[in-house]
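[1] just coords:
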């Protein structure tokens, strides 16, 4: 089949060239369409059901809302887990589905169950609704709406929030790809009836009467229509409240003399903010009004951000004078920085590969033809990426090594150059190239097949690790397929067009030097095979302790360029106190790090759309760092960065970890008694959505009793907080929320003829109860009734509030209910219908795997769990475990497939085993490189070992194929080994050099995203150094042991130990 493909290409050279042009045009079109993001979206398929129930505590929320919603999900297929939280006034249930589930089907199923469960939840407790369709990568753009510095009339927080809600957020929601615009901060405008308890009592007006009066005076009605003289007139009555004056003139009652009692007689009517559960501050300047644009799951981040920016430019022209929009977070910046790192590494690696090709081949035309495979293979891969919907990201593009891509073209072109140099000038170039291509078609095809097979284990990964590494594997496979097709078609065609028979083959200086250095080592290996093998085995054995000492982690974190610190204060902390703390902290950070910090934004509590289950005691501190501008000098010196990194370490100036350590001191100084969790915006969001925690490690304790859960998680936190590497250790606080419980006395209210609902109305009016809406043109605002602050300042004021009994007498609350101060549950978390308490921790300056092993031992030793309680260790550690377990199964399967492929090539188990020795020879170099650079053994490093094994086997295949061909042609084994080893030195070195040098920029890069690529590149480079060096000695030294024709060639084998004949044969073979 491959012979026919090569023959067709050489017979149809104009068509092949035309197809290459078509590939370039198709690829250019696909390049424009390719979705781009910083990293793959690893969020699982999940639907969130949210229920707002103001006034209900966590236990009541759990009983009346959360558990019914959880139970209603029973029976939905494809559900993998159900998580929930119950906080004061808010319930959230997250239903996680198995991978591959269609999100819209999942939402349909959840929506149907929510429609059923609504009837079992009392209407006054709220109704569950589904959250927006978004993911961990959803928060793509954040901005502040503020007064311009030169604004003639600065607007209040309420005015700015109104402008945001109605003039900015709503148009932005129409942008394709935007699923939600979450406003946060400022004051949400409401029409408020502020009740005066003394005036209510003086006029004998109860609170429930105020509620009822507003409801009955705020509606329209239709009266059908009238027909008169052939004309129809619609009848409608307008009674909606539209102004403050309308609200003031609502009649509550009449006096004995017939005088109406209006709302204005018992209350102040005003515009006032809705009661808040959160606020935003920025840069120490106080409260601000902000919004976050949420991207629809599956959309292209870069394109959506550009659309948002374009829409904002359009909106700016319609904003009131003096109001401006100030963006402070733009996902496109991270995407650009990350993709720039990837593109820079690929470009630098590509230049190094081209330089090696030119230096080793000694033929400029041949080198350029081989180098042409790089962009053409990439365009081929991009075409398939667009077709299969794979986004270009750090993971999908970051693992591509141009050395791997050109390997097949290197082998093909090197053989074509060799044949053409020895061919008669009168022969046709097409015929000579055809012979050369037929000769190496098998190692070319099998080599690409081997490298492709070693990437198959990555396709078998599932869950988070699958989403991270499957795009990488597919992209590499796409590029390899493209390179194989090009090496069998375009490379022979171009070689036949630009190279002529009889052209002398130039042996370049690097090749001559390499042969001169290699010759004595080759002679020694042939003379002392046992010593060579023994030395290799000892070297391999020596690396095993190093391998065991390497730490383990899932993957190195992508450096997003910004910092997110989650601050948790005691549950009793008020919103005003949290805002004061945040403003003070912002000023301290700006003063302490003026050169590093661009802006500090603190989001305290949660917005009106309660996707984030944060209380007013919790603050997300976003520290946006200044981005270094790359100068022309930086770009000029960039090729020298790998060399500089060897002497100066990775990166320049203050490292991220050093900056965090210094910031932590400021946090602890400004916020004593608070807990801190340092992370990054996207990383924290992913952790929260995947595992329900905001840290690297989450230890879940399951049980029923909240007090026992609290006691045990405190003990677990104490057990692990002093372990080296532990950081930001925090036990979840389940209780400690101060309550004033108003316990209605049933006998007393029965004696006075008062309903419990009347007392509940009074209590709800303390915080503000929404009783309707007011419509201003196209805008709608809530209408709330609330007691004057003087009536709710303290418990005594509340107990003096009065309620009218059946006879109209005003009875104080103190005679109708008992008041108890107590601490209650702060929040209740559940997973799979069981209560769960969490201990979360980050791990710094240590690998995650050994930390967890030590933590598990400490917890088992120091914490005794009651019967029925159990632990679950989660977070990124769970991802590491899952990936490791799966790779443990699929990697051996892939290696077996490679061995079967080798067996199919040579029909020899022994030769297949000989080539397979390249894998451990490469592995020990990879392990040593990781150890020398103090890197952990991560999944990224594992991908490096996978790629390394493919290249190592390919080089071994090239050497053994050449030896086997000479042996079959009748040459003595020693001569065949010597000649084949020397003749194949150039392609083997080229293959190793282009593969390793292609990874050099990646190995020493310090740009955004480089941390993820660095272990992979380090393994490949280190492995190829040892693998190439040793297999050039081990394979020649041991070939005679493995050759299936050993018995037939016994005389030649015996000659291996005869010194005189050895030297003659070797010199003949080498010279």
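    Now that the structure is in, tell me what you want to look at. On a predicted model such as this, the values are computed, not experimentally measured, just so you know. Residues are numbered from 1 along each chain as shown.
[2] What average pLDDT does the helix or strand harbouring residue 857 get?
    Per DSSP states H and E, residue 857 falls inside helix 848-862. In this model, helix 848-862 has a mean pLDDT of 90.
[3] Next: stretch 437-455.
    Per-residue pLDDT values over stretch 437-455 give a mean of 81.
[4] ok, and for stretch 752-772, which residues are buried?
    Residues of stretch 752-772 classed as buried by neighbour count (16 or more other CB atoms under 10 Å): 752, 754, 758-766, 768-769, 771-772. Placement of C-beta: from N, CA and C, glycine included.
[5] which outside residues touch that stretch?
    Stretch 752-772 is contacted from outside by 54-55, 190, 192, 195, 206-208, 211, 214-215, 218, 241, 274-275, 742, 744, 746, 749, 782-787, 791-792, 798, 801, 803-807, 809, 811, 813, 816-817, using CB atoms under 8 Å, 6 or more residues apart in numbering.
[6] out of those residues, which are inside strands?
    Here DSSP state E is the test, and the contacts of stretch 752-772 give 190, 192, 195, 742, 744, 782-787, 803-804, 811, 817 as lying in strands.
[7] among those residues, which one has the lowest pLDDT?
    Minimum confidence in the ones in strands among the contacts of stretch 752-772 sits at residue 804, scoring 81.
[8] need the contact list for residue 894.
    453, 454, 456, 457, 946 are the contacts of residue 894 under CB under 8 Å, 6+ apart.
[9] Can you give me the end-to-end span of stretch 718-731?
    9 Å (CA to CA, to the nearest Å).
[10] wait, is residue 410 part of a helix?
    Yes: applying DSSP: H, G, I helix; E, B strand; the rest coil, one finds residue 410 inside a helix.
[11] That one: how many residues sit nearby?
    Neighbour count of residue 410, defined by other CB atoms under 10 Å: 31.
[12] Once you drop chain neighbours, what's closest to it?
    residue 990 (5.2 Å; CB to CB, 6 or more residues apart in numbering).
[13] Same check on residue 106?
    Per CB to CB, 6+ apart, closest to residue 106 is residue 97, 4.9 Å.
[14] Contact partners for that neighbour?
    Counted by CB under 8 Å, 6+ apart, residue 97 has contacts 44, 45, 46, 47, 78, 79, 80, 106.
[15] ok so, going back, just to check, the residue nearest to residue 410 is in contact with residue 409?
    No: contact criterion CB atoms under 8 Å: residue 990 and residue 409 do not qualify, at 10.5 Å.
[16] More neighbours: those two, which one.
    Neighbour comparison, residue 990 and residue 409: the larger count goes to residue 409, with 30 against 27 (by other CB under 10 Å).
[17] ok, now which ones touch that one?
    369, 370, 373, 483, 486, 487, 491.
[18] what about the second one, how many neighbours?
    The reference is to residue 370. Using other CB under 10 Å, residue 370 has 31 other residues around it.
[19] The residue nearest to residue 410: which element?
    helix 985-997.
[20] which SS state does residue 47 fall under?
    Reduced to three states with three-state DSSP, the structure at residue 47 is strand.
[21] same question, residue 507
    Counting by three-state DSSP, the backbone at residue 507 sits in coil.
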